[in-house]
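Colleague: fold the following and give me the result.
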Amino acid sequence: MTTSSSERGVSLGMPELPAPAYPDDVRARLETDAREIIARYPDSRSALLPLLHLVQAEEGHVTRTGMQFCADVLELTTAEVTAVATFYTMYRRKPSGDYQVGVCTNTLCAVMGGDEIFSELQEHLGVGNGETTDDGKVTLEHIECNAACDFAPVVMVNWEFFDNQTPATAKRLVDDLREGRPVEPTRGAPLCTFKETARILAGFPDERPGAVEASGGAGPASLVGLRLARGEAAPARVVHPREGASQGRDGAPQDRGAHEPSPSEHLSSHDAPQDTSASDPAHPAGPAAEEGE
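Modeller: Model prediction:
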């Protein structure tokens, strides 16, 4: 028995039918919200990103109907809208769960356990990357970076942080989400559904009592460098290695103490050498000038 090209998922290049329209009441509501968003920008085209979040808040993902709506209100082509919607990973192209669970698998999180967390969550939930559980609650995906390396390994749920995770805590987290039990992010605003998150990202206020006050700021580990720069903590010191250290009466090695680094020493492998011309005698540049000189 043969199967048709459509059954085999093969496209013959036939044009798609026009996207179905929103019901009149839905379109009227979205148009009201869209006008408010567009009014924030001197060029209406700049409103495309928040408008895509707006239509995502309506259906949980960006549909052809949503892209057609954005094109209509901004007087763009659907090709222009589609190019943007398919570029950014925050816009979902297919139905997804109430909770987007993203596991960071970039370098630091990976070596700290992110790969193991992602693997165990796939097995625990019975889904692959970008797939949603049968109950429609959780969509699992790996994320290249959650921009929270100080707290690796990190899991995000609807873009809220859950820091210092382990396979056990991550599995308990998704179980609580699926069962409707209260879940509190490590830092940031209280958790809400993906549709509610999308509306906030569209630029509308989070009207839940106390949500804005709870959003807070960076975690303590992220502020260490700032505090050092302000002189609020002791400066870093270079300490002699313990190899060859003298021993105390109890036989334990004694630390020979700290010393100030010499001009030839660097506190980090990322520190730039002081004499830049030494690395390229043919093009001597000399040391970089201090700021303000």
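Colleague: C-alpha from now on. contacts and neighbour counts both.
Modeller: Noted.
Colleague: and residue 173, what element?
Modeller: helix 167-179 (DSSP states H and E).
Colleague: and that helix, how far out from the chain middle?
Modeller: 19 Å (C-alpha atoms, centre = their mean, to the nearest Å).
Colleague: please apply the same query to stretch 196-215.
Modeller: Worked out by C-alpha atoms, centre = their mean, stretch 196-215 lies 17 Å from the chain centre.
Colleague: what comes into contact with that stretch?
Modeller: 37, 49-54, 56-57, 158, 187-190 (C-alpha atoms under 8 Å, 6 or more residues apart in numbering).
Colleague: return the closest of those residues with respect to residue 131.
Modeller: residue 158 (15.1 Å; C-alpha to C-alpha).
Colleague: which residues does the closest one contact?
Modeller: Neighbours of residue 158 in contact, by C-alpha under 8 Å, 6+ apart: 99, 100, 101, 191, 192, 193, 194, 197.
Colleague: can I get those residues in CSV with neighbour count, distance to residue 152 and secondary structure?
Modeller: What follows is those, written out as CSV (neighbours: other C-alpha atoms under 10 Å; distance: C-alpha to C-alpha, whole Å; DSSP: H, G, I helix; E, B strand; the rest coil):
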residue, neighbour count, distance to residue 152, secondary structure
99, 25, 21, strand
100, 21, 19, strand
101, 27, 15, strand
191, 19, 20, coil
192, 17, 23, coil
193, 16, 24, coil
194, 21, 23, helix
197, 21, 24, helix
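Colleague: for residue 30, the count of nearby residues, please.
Modeller: A count of neighbours around residue 30, defined by other C-alpha atoms under 10 Å, yields 18.
Colleague: which pLDDT value belongs to it?
Modeller: Turning to residue 30, the model gives it a pLDDT of 96.
Colleague: mind checking which helix or strand it is in?
Modeller: helix 24-38.
Colleague: only C-alpha atoms, please: export that helix in CSV.
Modeller: Output of helix 24-38 as CSV, limited to C-alpha atoms (Å, rounded to 0.1, in the frame of the first residue of the first chain):
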residue,chain,number,x,y,z
ASP,A,24,-13.9,38.5,17.0
ASP,A,25,-13.8,39.0,20.8
VAL,A,26,-10.3,37.7,21.1
ARG,A,27,-9.0,39.9,18.2
ALA,A,28,-10.7,42.9,19.7
ARG,A,29,-9.0,42.3,23.1
LEU,A,30,-5.6,41.7,21.5
GLU,A,31,-5.9,44.8,19.3
THR,A,32,-6.5,46.9,22.5
ASP,A,33,-3.4,45.5,24.1
ALA,A,34,-1.4,45.8,20.8
ARG,A,35,-2.3,49.5,20.6
GLU,A,36,-0.9,50.1,24.1
ILE,A,37,2.3,48.2,23.2
ILE,A,38,2.8,50.0,19.9
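Colleague: what is that helix packed up against?
Modeller: helix 48-59 (3 or more C-alpha pairs under 8 Å, 6 or more residues apart in numbering; DSSP states H and E).
Colleague: what's the helix it packs on in contact with?
Modeller: Contacts of helix 48-59 (C-alpha under 8 Å, 6+ apart): 30, 34, 37, 61-63, 66-67, 70, 74, 81, 84-85, 91-92, 194-199, 201-203.
Colleague: buried residues in it, which are they?
Modeller: Buried residues in helix 48-59, counting neighbours by 16 or more other C-alpha atoms under 10 Å, are found at 48, 49, 50, 51, 52, 53, 54, 55, 56, 57, 58.
Colleague: now find how far off-centre it is within its chain.
Modeller: Worked out by C-alpha atoms, centre = their mean, helix 48-59 lies 18 Å from the chain centre.
Colleague: need the next SSE after it, C-terminal direction.
Modeller: For helix 48-59, the following helix or strand on the C-terminal side (DSSP H and E) is helix 64-74.
Colleague: so that next one versus helix 24-38, what angle?
Modeller: If you take axes from the mean of the first three to the mean of the last three C-alpha atoms, to 10 degrees, helix 64-74 sits at 50 degrees to helix 24-38.
Colleague: lowest mean pLDDT among the helices and strands, pick that one out for the chain.
Modeller: Between all helices and strands in the chain, the lowest mean by mean pLDDT, DSSP states H and E belongs to strand 258-259, at a mean of 46.
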